[in-house]
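Novice: the following comprises the amino acid sequence and a computationally predicted model.
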Amino acid sequence: MESGNSNMIKKRINVPGILFISLFFICTFVFFSIFYEYHIYFIEQLQVFLLTFSHFVGYLHKPAFLSSYLGDFLTQFYYLIGGGAIVITVTLIMLWLSAGLLFKKLSNRSLPFLLPLIPVVFSWIALCDPAFPVSNVIAIIISVLCTLIYISINSGKSRIIFGIIMTGLLYIATGSSFYILTVTAICYELFRSGNLSFKPQIIIYLVIMLCAPILFSLGLRGTYLLTSKQALTYLSDLTKNAGYIQFLPLISLIVTVLAAFLPIKRITRRINSSLLLAFQLIILASVLIPGILHVADFTMEKILRLDYEANHNRWDKVYDLSRKYGMHNNLSAYYTNIALSKFGVMPDELMEHYQPATAGLFLPVNANQNYLTIVLSNEVYWQLGDLNASQHSAMLGTIFSPRAQNSRLMKRLVEINIVNGQYDVAGKFITILEKTMFHKKWASDRRKYLFNEAECAGSKWITEKRAIIPVRDLLKKGNDYLTTLRMLADNHSENRMAIDYLLCYHLLAKDIRSFAEDFNKYYSAGNMLLPKIYQEALLIWITSGAGNYKDYEKFGFSPVIMKDMAEYTKIFEENEGKGYALQQKYGKTYWFYYHFATIKTK
């Protein structure tokens, strides 16, 4: 008898399915902890979550207050190594369990084992978009749990009253995820419930369940300051104008709910269990893999890693990663050039890396840029020593962040105001950060510098920045880079980073005349050998007849470079200015850039 029971238990356990589910969630953790790690860190920076009652009350000003609050609370843990991956994996496991329980209750029979994974797969795909926060998945889970309570109520009248009231409350608590309860309730009363005796009652209830939450959400649009479309499709404050990707988890769960009412067992009974499992795996894989490749931005992941290392002042890592990645875009060039200048090799190695003209030196702040560019734009000004420009960019980056919050930029504002001696302003930001879970230690450590010049004088990062702050500032346009660089060079002739940026800016703009003028004004190296790109540019200036070699005799010129210049000129003339004959040997010289790089202007 015991042997028979043991065999029955073994038959009920779907070992291949359990193994696949386990492997699936292990892969989820690995993906977000290794392959999407730096997106996770960046998402955490897009909020300043305060552990205060007033901060909680602020969530009541928009729909989905409960899911948004819980999601943002958990998003704090993205700050920790592996924290974001754990949060996302556990959240998706909860979605799978709750969805599986709902499908089982609705069908009253066995369903395909992997059916509850469908909304999980689409949630994974959507979470690859930074505009889709984990709070949206939590909203679905809360709605599913409320739906489970609904179908567990035996009394028809009590269930109807609960359904009508709960859909409205769900909108306030979870946003448009209330549709899960609405659709499930309608289908449940049509196909599963035997408590409603008369068809007119069913029709009236269906109309109420369909119209009441819609009218309720539209009625609150004025309170929440939303358009009608936003009110009906509200997911979270990050996704007020959501695209189809953001709705896939919600839609997929509703579709699978509808599938739970279909006679699936009659179909699956005729199919071999192993073939059925294989078929399900193929379907899930054919959705998950293309979905991730479509939504996930692995190039941006590399850029965000450069940003992460830069934010932690690990410029050696930025330098090494730049060489490793070899990316061709403005953002990677931006961090590469800062790293080159930090190590003093910018004029020697500039042409070794991709250079999108001057767009790789500064990130413009204007109406045509997305919030990411504006958020990152302050770093170069901070490194150059123009703290007012850095503060301006940091403030704009905070304003244009999705919810006008950014913990990383708030830290930068603390640092800027400490260096500038604006301790009252720095203190206000420190007080805010001290109310967070993971930034309070950093903030408390900075409080010791407030109104304490002795402490500031003993801090290397403060004294180094104060040494290059312009003594005389001036009014200038936000993106007037040349005025900024000349101001820095005029104030501190020892600010080699600013001088290199100024001269390289001219070279990348192919403005040899301005380069020569500012070189003569700001550059002083005695009899030292000039950096490679400066030698190459000056040779163009001299050979063009605009400059006199005697003016530059005090600087060292490499015989090798002078020889290469003669050979380059010879090949250039022999091939009538065609670049293919020069690219292999001289493709990374300034001469080649000067002759063949195309500068596009908008």
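Specialist: Received, thanks. Numbering: from 1, shown residues only.
Novice: got the domain ranges for the protein?
Specialist: Following automatic domain parsing, one gets these domains for the chain: 2-295, 300-466, 530-602.
Novice: and L60, how many residues sit next to it?
Specialist: Other residues near L60 come to 12 when the count uses other CB atoms under 10 Å. Where you see a C-beta, it was placed from the backbone N, CA and C, and this is true even at glycine.
Novice: surely it is in a strand?
Specialist: No: with DSSP: H, G, I helix; E, B strand; the rest coil as the criterion, L60 is helix rather than part of a strand.
Novice: quick one: residues contacting it.
Specialist: Residues near L60 by CB atoms under 8 Å, 6 or more residues apart in numbering: none.
Novice: got the domains of the chain as TSV, with mean pLDDT and distance to L482 columns?
Specialist: Below are those laid out as TSV (pLDDT from 0 to 100; distance: least, CB to CB, whole Å):
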stretch	mean pLDDT	distance to L482
domain 2-295	87	31
domain 300-466	95	10
domain 530-602	86	16
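Novice: for N520, which of those domains is the nearest?
Specialist: domain 530-602 (7.6 Å; CB to CB).
Novice: run a quick neighbour tally on L51.
Specialist: 13.
Novice: what sits against the residue nearest to it when sequence neighbours are not counted?
Specialist: In space, L51 comes closest to K435 once its chain neighbours are excluded; the distance is 5.8 Å by CB to CB, 6 or more residues apart in numbering. For K435, the contact set (CB under 8 Å, 6+ apart) comprises 50-52, 55.
Novice: same thing but at 6 Å, please
Specialist: Listed by CB atoms under 6 Å, 6 or more residues apart in numbering, the contact set of K435 reads 50-52.
Novice: outside of the lengthiest helix in the chain, which residues touch it?
Specialist: Looking across the chain with DSSP state H, the single longest helix is helix 83-107. The contact list for helix 83-107 (CB under 6 Å, 6+ apart) reads 25, 28-29, 32-33, 40, 74, 77-78, 111, 116, 119-120, 134, 137, 141, 144-145, 148, 151, 260.
Novice: over to stretch 287-304?
Specialist: Under the contact criterion CB under 6 Å, 6+ apart, stretch 287-304 has outside partners 38-39, 42, 121, 125, 128-129, 245, 325, 331-332.
Novice: just the buried residues of those residues.
Specialist: 38-39, 42, 121, 125, 128-129, 245, 331-332 (16 or more other CB atoms under 10 Å).
Novice: please enumerate the helices of the stretch 151-300 of the chain.
Specialist: Secondary structure of the stretch 151-300 of the chain by DSSP state H, counting those that start in this stretch: the helices cover 156-174, 179-191, 199-219, 221-224, 228-232, 244-259, 264-268, 273-295, 298-311.
Novice: endpoints of stretch 231-241, how far apart?
Specialist: 10 Å (CA to CA, to the nearest Å).
Novice: the stretch 451-600 of the chain: helices as residue ranges?
Specialist: Here the stretch 451-600 of the chain has its helices, by DSSP H, counting those that start in this stretch, at 453-457, 460-466, 481-491, 496-508, 512-522, 532-543, 559-574, 580-586, 590-596.
Novice: deepest of the ones you listed, which one?
Specialist: Across the helices of the stretch 451-600 of the chain, averaging neighbours per residue (mean count of other CB atoms under 10 Å) puts helix 496-508 on top, at a mean of 24.
Novice: next, the angle helix 481-491 makes with that helix.
Specialist: Relative orientation of helix 496-508 versus helix 481-491 (axes from the mean of the first three to the mean of the last three CA atoms, to 10 degrees): 140 degrees.
Novice: isn't Q391 right up against I416?
Specialist: Yes: Q391 is in contact with I416 according to CB atoms under 6 Å; the separation is 4.8 Å.
Novice: overlap in contacts of these two?
Specialist: Counting by CB under 6 Å, 6+ apart, Q391 and I416 have no common neighbour.
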